[in-house]
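Novice: need a 3D model of the following:
(chains A and B)
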Amino acid sequence: MNPYDVSLVLQALGEAFPNIDLRAKPLMPKANAEDEQTCITLDRDNLIDVMTFLKTDSRCAFSQLCDLTCVDYMDFPDASDRFGVTYSLLSIEKGHRIWAKCFVNEPNLQVPSVTCVWRGAEWLEREVWDLFGVKFTDHPDLRRIVTWEGFGSHPLRKDYPLRGIGEREDYAKLTRESA
Amino acid sequence: MTQTASTTNFEPTTYAPVEPGGDLWTLNLGPQHPACHGTLRHVLELDGERVVACTIHIGYLHSGFEKLGEHLNYNQYVVVTDRMNYVSPIANNVVWHHACEKLFGIEITPRCKVIRTIIAELARIQDHLLCVGAAALDLGGFTAFLYGFNEREHLNDIFEELCGARFTTSYTRVGGLMSDISERWPRMVREFCQRLPAALDDVEKLLTKNRIFIERARGVGYISKEDAIDWGLTGPLARSAGVRRDLRKDEPYLCYADNWDGHGSSAVNFKVAISEMGDCYGRYLVRLEEMRQSLLIVDQLIDNIPSGPINVPADDKKTLPDKSEIYFSIEGLIHHFEQVMTNRGHQPPVGESYGANECANGELGFYLVSDGGNCAYRARCRPPSFINYQCFPNLVVGHQISDVIAVLSSMNIIAAELDR
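Specialist: Below you'll find the model as predicted:
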């Protein structure tokens, strides 16, 4: 079985959501069509509906959220949107994968949380919030995860310098007197 | 598929949930605790000895690996991947360059594929030896831990012979390897293959039918198949809960795929270890069986390493040339110079690509975004430990404090990979 044969999935999506332009295209064009990884683009309004369909429909059966991440396209050539929240879905029973993107721009950096579809999204969304500052609405516990509460920046953004902006140096120090 | 013994009529241990607002006691376990295997912090709400709630705080080892990935080129970043899962570093090297080559569209040479498959399997053994040993250690069985560590020493010797480093191997390069194997190396691997089964037998004799071990591990940290899929678990954790998924079979790469050498060679022959138990004991059995299967794979390949180059041809300017060319020819020197200059270097196609391998802890993958430059535009790592660990509170609620340690060691969470 070809793990990346997702034409059936796209067909099912097209039937279920005729009004949505999924803009399905390969993540990167390859010489060998079998190696291509398909990516669809979703809006935040239809995200939950489509994701729920992708998980529950028997032709799609994307039972697992393999990965959830974000890319800051600030410096990317010919990019029109700033942040692309990227979902990587995997079907355990069918063995195929699909990628989905939801673009968001400042000032409205909000995406609905998919924790209601896959519970495994919880930490992944917290990580994206922490490192990119994209908020997930209806997330059960949206705290920072790898940096500390009170850290004001989102370090994986492209406008954040590699060496930081002085958080380490300026961080309030505990002294013997103040403790 | 491997059938495991004693699966009959065993109810997972569960306790009735307590009423909220009872007289609870808060215990902070970690981040500096010898049984935590790294800087992991759990805040446990206890009713007597019983865990009512568990909150995990991570990030103590966060060192911005993904940010570094945007500033180091595709060959330099392999050094950082060593530091991710430091229990089996060489497997991370293999995955990183697997993902890079997928992005670049490079097909590596058969010799390179065989060597990479062997080292990936040796790394799996290396990882499982530690995990099985530590799982026994945390339950009071020190001897099995020493048996495991003794064998890990030999594996470290093998990696040292291969690339000069015992842990921070950084052995792979885009389109090939750092250097070819030595004449001695296959012999060392063969010797290791001969001695490991005896050590595994010893471990098994100590643990598999040990009543103390079974009572501490059986039914503890149970997760169902549906939950395992929903939480995104991969690797031995998912397979011990009955999820039949192994990237080596489902999305074959390297020598796990048919026709890997272009001359019709069939894929390496092995079985996927699977258990329906879903508890600490099941994870132990799956890991033990996976080590035996890995040995089988190494056994099939070590005598048949094809001859030929380890790197793809240097003409297409994707790999670093051989050192002898750099030192003794002007073309080689120029080529090398062009490869390492920051404004030249690699010129990958613009686009995005995901490449993943089955590592000891599960699916380790890299999602690379390239803007055509020398460094990745975004180097996302899909870390198995991070994704496996978030279901931990569900596994320990209802159990006692001592079981928390048992579950933790059975999951083999590597803090550096968790926080990156």
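
Novice: so where is chain A shaky, pLDDT-wise?
Specialist: A:1-5, A:31, A:33-34, A:171, A:179 (pLDDT under 70).

Novice: ok, which stretches of it are strands?
Specialist: Per DSSP state E, chain A carries strands over the ranges A:25-26, A:38-42, A:64-72, A:83-90, A:97-104, A:110-112, A:135-137.

Novice: direction included, what does the fifth one pair up with?
Specialist: It stands for strand A:97-104. Strands that pair with strand A:97-104, judged by DSSP bridges, come out as strand A:38-42 (parallel), strand A:83-90 (antiparallel).

Novice: I'd like to check the angle between it and strand A:64-72, please.
Specialist: 40 degrees (axes from the mean of the first three to the mean of the last three Cα atoms, to 10 degrees).

Novice: what's in contact with strand A:97-104?
Specialist: A:3-4, A:6, A:9, A:27, A:37-44, A:47, A:50-51, A:54, A:60, A:62, A:66, A:81-91, A:110-111, A:134, B:354 (Cβ atoms under 8 Å, 6 or more residues apart in numbering or on different chains). For the C-beta atoms, the positions are set from N, CA and C on the backbone; glycine is no exception.

Novice: ok, the second one next?
Specialist: Residues outside strand A:38-42 that contact it (Cβ under 8 Å, 6+ apart) are A:4, A:6, A:10, A:13, A:20, A:22-27, A:50-51, A:98-103, B:352.

Novice: put the buried members of the residues you listed into a ChimeraX selection.
Specialist: Selection of buried members from the contacts of strand A:38-42 for ChimeraX, criterion 16 or more other Cβ atoms under 10 Å in any protein chain shown:
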select /A:4,6,13,20,22,24,26,27,50,51,98,99,100,101,102,103 /B:352
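
Novice: which residues of the stretch 301-420 of chain B lie near chain A?
Specialist: Residues of the stretch 301-420 of chain B lying close to chain A by Cβ under 8 Å from any Cβ of the partner chain are B:349-354, B:363, B:365, B:367, B:369, B:371-372, B:377-378, B:380, B:382, B:386-387, B:389-391, B:419-420.

Novice: show me just the buried residues among these.
Specialist: Here, 16+ other Cβ under 10 Å leaves B:351-354, B:363, B:365, B:367, B:369, B:371, B:377-378, B:380, B:382, B:386-387, B:389-391, B:419-420 buried among those.

Novice: so who does the residue in the stretch 251-400 of chain B positioned nearest to chain A touch?
Specialist: Distances between the stretch 251-400 of chain B and chain A by Cβ to the nearest Cβ are smallest at residue B:351, namely 2.9 Å. Counting by Cβ under 8 Å, 6+ apart, residue B:351 touches A:27, A:28, A:29, B:103, B:369, B:370.

Novice: which two of the residues you listed have the greatest separation?
Specialist: A:29 and B:369 (14.9 Å; Cβ to Cβ).

Novice: show me what contacts residue B:84?
Specialist: B:65, B:92, B:381, B:383, B:414, B:416, B:417, B:420.

Novice: mind running it again at 10 Å?
Specialist: Residues in contact with residue B:84 (Cβ atoms under 10 Å, 6 or more residues apart in numbering or on different chains) are B:65, B:91-93, B:95-96, B:359, B:364, B:381, B:383, B:385, B:414, B:416-420.

Novice: and what of residue B:49?
Specialist: B:25, B:399, B:400, B:401, B:402, B:403.

Novice: if we use 6 Å, what do you get?
Specialist: Residue B:49 makes contacts with B:400, B:401, as judged by Cβ atoms under 6 Å, 6 or more residues apart in numbering or on different chains.

Novice: count of residues packed around residue A:30?
Specialist: By other Cβ atoms under 10 Å in any protein chain shown, the residues close to residue A:30 number 17.

Novice: and the gap between it and residue B:104?
Specialist: Separation of residue A:30 from residue B:104 (Cβ to Cβ, to the nearest Å) stands at 11 Å.

Novice: so which helix or strand takes in residue B:354?
Specialist: strand B:351-359 (DSSP states H and E).

Novice: strand partners (parallel or antiparallel) of that strand?
Specialist: According to DSSP bridges, strand B:351-359 has these partners: strand B:362-370 (antiparallel).

Novice: state the mean pLDDT of the strand it pairs with.
Specialist: Strand B:362-370 carries an average pLDDT of 92.

Novice: and what of stretch B:200-214?
Specialist: 89.

Novice: look at it and report the distance between its end residues.
Specialist: Length of stretch B:200-214, first residue to last, Cα to Cα, to the nearest Å: 17 Å.

Novice: of the strands paired with strand A:97-104, flag the one that's most buried.
Specialist: Compared across the strands paired with strand A:97-104, strand A:83-90 shows the largest average neighbour count, a mean of 24 (mean count of other Cβ atoms under 10 Å in any protein chain shown).

Novice: ok, and what's touching that strand?
Specialist: Contacts of strand A:83-90 with the rest of the structure, by Cβ under 6 Å, 6+ apart, involve A:62, A:64, A:66-73, A:97-104, A:111, A:134.

Novice: which parts of chain B sit against chain A?
Specialist: Contact residues, chain B versus chain A (Cβ under 6 Å from any Cβ of the partner chain): B:59, B:62, B:67, B:71, B:229-232, B:245, B:250-251, B:351-353, B:369, B:371, B:378, B:380, B:382, B:390, B:419.

Novice: mind checking which of those land in strands?
Specialist: B:351, B:352, B:353, B:369, B:378, B:380, B:382.

Novice: can you pull up the bridge partners for the first one?
Specialist: Pointing back at residue B:351 there. residue B:370.

Novice: same check on the last one?
Specialist: Here residue B:382 shows beta-bridge partners residue B:365, assigned using DSSP bridges.

Novice: I'd say it and residue A:67 touch.
Specialist: Yes - using Cβ atoms under 6 Å, residue B:382 is in contact with residue A:67, at 4.4 Å.

Novice: just the terminal-to-terminal distance for stretch B:295-311.
Specialist: End-to-end for stretch B:295-311, by Cα to Cα: 26 Å.

Novice: pull the distance from it to the chain's centre.
Specialist: Relative to the mean C-alpha coordinate of its chain, stretch B:295-311 is positioned 21 Å out (Cα atoms, centre = their mean, to the nearest Å).

Novice: what mean pLDDT does that stretch get?
Specialist: The average pLDDT for stretch B:295-311 rounds to 89.

Novice: buried stuff in that stretch?
Specialist: B:295, B:296, B:297, B:298, B:299, B:300, B:301, B:302, B:305, B:309, B:310, B:311.

Novice: got the contact list for residue B:53?
Specialist: residue B:45.

Novice: and the helices in chain A?
Specialist: Using DSSP state H, the helices of chain A run over A:7-16, A:47-56, A:121-132, A:167-170.

Novice: cool, and the stretch 301-420 of chain B?
Specialist: B:323-328, B:330-340, B:384-389, B:392-396, B:401-411, B:415-419 (DSSP state H, counting those that start in this stretch).

Novice: OK, contacts around residue 58?
Specialist: Picking chain A for this. Residues near residue A:58 by Cβ under 6 Å, 6+ apart: none.

Novice: could you do chain B instead?
Specialist: Counted by Cβ under 6 Å, 6+ apart, residue B:58 has contacts B:418, B:419.

Novice: now with 8 Å, please.
Specialist: Here residue B:58 is in contact with A:145, A:146, B:40, B:41, B:389, B:415, B:418, B:419 (Cβ under 8 Å, 6+ apart).

Novice: then residue B:106?
Specialist: B:174, B:175, B:312, B:318.

Novice: need those residues in TSV (columns: distance to residue A:164).
Specialist: Shown next, in TSV, are the contacts of residue B:106 (distance: Cβ to Cβ, whole Å):
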residue	distance to residue A:164
B:174	29
B:175	34
B:312	38
B:318	33
